[in-house]
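Visitor: pasting the sequence and the predicted model now:
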Amino acid sequence: KTMYKSFCYTKDDLVAQGLPSDGSAHIIGIESILDNSNSITNVHHILVFTNEDPTCDGEGEDLMFAWAFGQRNFQAPSPAGFRFGPDGDGAFQSIIMEFHYDNPEFKNNIVDNSGFRFYYTTKLRQHDIGIFELADPKVSLIGKKVGNGVTQHTFSCPGSCTDNFSEDVTVFMEALHMHALGERMVSTHFRNDEVLRESSVDYYDFSQAGMYAAQQNEYVLKRGDGFEITCYFKAGSNDFFGLGSENEMCINFLVYYPKQLGVDNNCGLASTNACLGSYSKTTLGSLEDTGREFGMRQAISDPSVAPIDAPVPSPPSSPVVGSSQSPSSYPSSYPSSYPSSSPSSSPTKAPLAMTNAPVVTPTIDEDPSTFPVASSSSSTAGITCISAISILVGSVFLGINECF
């Protein structure tokens, strides 16, 4: 019914697909490439992790991107990106793609070819991007009942966690995540016991937006700031928290820059004392007690920070299948005791493809790294050169190399 399947793309795999062997690059955009066959209904979510080790074996593993139904394509703000490069200083050298498949009808012979297209630039940006996960990012409540009826689950993230940051950071995206029983989710940002802002989804629907991007401007997260995350569920007497599609979760993903090194990236039910917050559960009378309002509420944001108005890159045409080189196999990081009764959810080889380099001509005031795909390749000075190398069932790369 539920199966986790992971693929490792080593440094050699990535370099073979065009990333620099002895230099660095920033990934600045991520586009989902979904298999439109029958298999797409079996893809519950996909996670992309970076690893500081060239062969995915290092302890320094960070979340880069999470896809679920309704998730928009990702475009980094102009000052930042996820950095690939030599060991040290927060750069990654390999990528792990983790697929969560759901097969409640136990269908046979399902093959999925979903993946991603990553946009990258070799003209490095000022900052690296990090992700800070709040509430219950490690699903520490696994096996515990959600609670019969309407329940409220509240997690705190103490200011002692962000006090370990080396500097203030800019949060440019929040993604609120629950599963099918989620009804409402609220994230409240505190500073010195004062509420600064609140982001929420009042009518949560996993089938429409499993990773709900809060409607808000970017904001500054200062050292010592704290959070309170509240998830509301309507569940039965035998519904549990856990890793399965039928189980529940409560996680808030903050995407920010500059990336903080040597700190705990999880806050709430976390592993370190500085980032370990409180947790409480309350049974409510009805959905009217969740405090939600009609429609979706605009988040209360720091007015001193300008909104992000950069467009998401337009999807290029589908890649052409080429050779049969495959990524390295990588075991799932989830407990082997968890049920895994899905049929063949992904092929054993990841087909590769390459398309010619499109070209676009930016104006003086425009960032060339944000342009979508155009036509054929060139190396004329003053233009943006783009080349595309694709891997299905895994990562799909499209590189941006400025010709200056």
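Guide: Received it, and whenever you're ready, just let me know what you need. Remember, it's a predicted structure, so these values are computed and weren't measured experimentally.
Visitor: not counting its neighbours along the chain, what's nearest residue 74?
Guide: Take residue 74 and drop its neighbours on the chain: the residue closest to it by CB to CB, 6 or more residues apart in numbering is residue 30, 4.2 Å away. Glycine gets a C-beta too; all of them are placed from N, C-alpha and C.
Visitor: remind me which helix or strand that neighbour belongs to.
Guide: Using DSSP states H and E, residue 30 sits within strand 25-33.
Visitor: just checking: what are the partner strands of the helix or strand following that strand?
Guide: Of the helices and strands lying after strand 25-33 in sequence (DSSP H and E), the nearest is strand 43-51. When pairs are called by DSSP bridges, strand 43-51 turns out to pair with strand 61-68 (antiparallel), strand 94-102 (antiparallel).
Visitor: pull the longest helix from this protein.
Guide: Across the chain, the longest stretch assigned as helix under DSSP state H is helix 11-16.
Visitor: and it, what does it pack onto?
Guide: In terms of contacts (3 or more CB pairs under 8 Å, 6 or more residues apart in numbering; DSSP states H and E), helix 11-16 is packed against strand 94-102.
Visitor: quick one: the strand it packs on to strand 25-33, angle?
Guide: Counting by axes from the mean of the first three to the mean of the last three CA atoms, to 10 degrees, strand 94-102 points 20 degrees away from the direction of strand 25-33.
Visitor: pLDDT averaged over strand 94-102, what's the number?
Guide: Mean pLDDT, strand 94-102: 88.
Visitor: and that strand, how far out from the chain's middle?
Guide: Distance of strand 94-102 from its chain centroid, counting by CA atoms, centre = their mean, to the nearest Å, is 11 Å.
Visitor: and after that strand, which helix or strand comes next?
Guide: Proceeding C-terminally, strand 94-102 gives way to strand 115-121 as the next helix or strand, assigned by DSSP H and E.
Visitor: before we move on, back to that, residue 162: which of the strands paired with strand 43-51 is closest?
Guide: strand 61-68 (17.0 Å; CB to CB).
Visitor: hang on, the earlier thing: would you put the C-alpha positions of the strand holding residue 30 in PDB?
Guide: Coordinates of each C-alpha in strand 25-33 appear next as PDB, following Å, rounded to 0.1, in the frame of the first residue of the first chain:
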ATOM      1  CA  ALA A  25      26.900  26.200  -9.400                       C
ATOM      2  CA  HIS A  26      23.700  27.400  -7.800                       C
ATOM      3  CA  ILE A  27      20.400  25.600  -8.400                       C
ATOM      4  CA  ILE A  28      17.900  28.500  -8.800                       C
ATOM      5  CA  GLY A  29      14.700  26.800 -10.000                       C
ATOM      6  CA  ILE A  30      12.900  23.400  -9.700                       C
ATOM      7  CA  GLU A  31      10.100  22.200 -12.000                       C
ATOM      8  CA  SER A  32       8.200  19.000 -11.500                       C
ATOM      9  CA  ILE A  33       8.000  16.600 -14.400                       C
END
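Visitor: how far does it sit from its chain's centre?
Guide: On CA atoms, centre = their mean, the centre of strand 25-33 falls 11 Å from that of its chain.
Visitor: so what's the spatially closest residue to residue 247 that is not a sequence neighbour bridging to?
Guide: Leaving aside its chain neighbours, residue 247 sits nearest to residue 240 (5.5 Å; criterion: CB to CB, 6+ apart). Beta bridges link residue 240 to residue 145 when assigned by DSSP bridges.
Visitor: quick one: pLDDT of the nearest residue to residue 96 once chain neighbours are set aside?
Guide: Closest residue in space to residue 96, ignoring its immediate chain neighbours: residue 49 at 4.3 Å, by CB to CB, 6+ apart. What the model reports for residue 49 is a pLDDT of 91.
Visitor: can you check residue 266 too?
Guide: 94.
Visitor: for it, which non-adjacent residue is spatially closest?
Guide: In space, residue 266 is closest to residue 137, 4.5 Å off (CB to CB, 6+ apart).
Visitor: ok, the one you found touching residue 250?
Guide: No. With contact defined as CB atoms under 8 Å, residue 137 does not count as touching residue 250 (9.3 Å).
Visitor: which of these two has more neighbours?
Guide: residue 250 (29 against 23; other CB atoms under 10 Å).
Visitor: next, that one: phi, psi?
Guide: According to degrees, to the nearest 10, the main-chain angles of residue 250 amount to phi -150, psi 100.
Visitor: what is the burial count for the residue nearest to it when sequence neighbours are not counted?
Guide: The spatial neighbour of residue 250 that comes closest, neighbours along the chain excluded (CB to CB, 6+ apart), is residue 231 at 3.7 Å. Number of residues near residue 231 (other CB under 10 Å) recorded here: 28.
Visitor: tell me which helix or strand residue 231 sits in.
Guide: Going by DSSP H and E, residue 231 is in strand 226-235.
Visitor: got a list of contacts for that strand?
Guide: Residues from elsewhere that reach strand 226-235 (CB atoms under 8 Å, 6 or more residues apart in numbering): 134-135, 146-159, 161-162, 178, 181-191, 239, 248, 250, 252, 267-268, 284, 287, 290, 292.
Visitor: cheers, nothing more for now.
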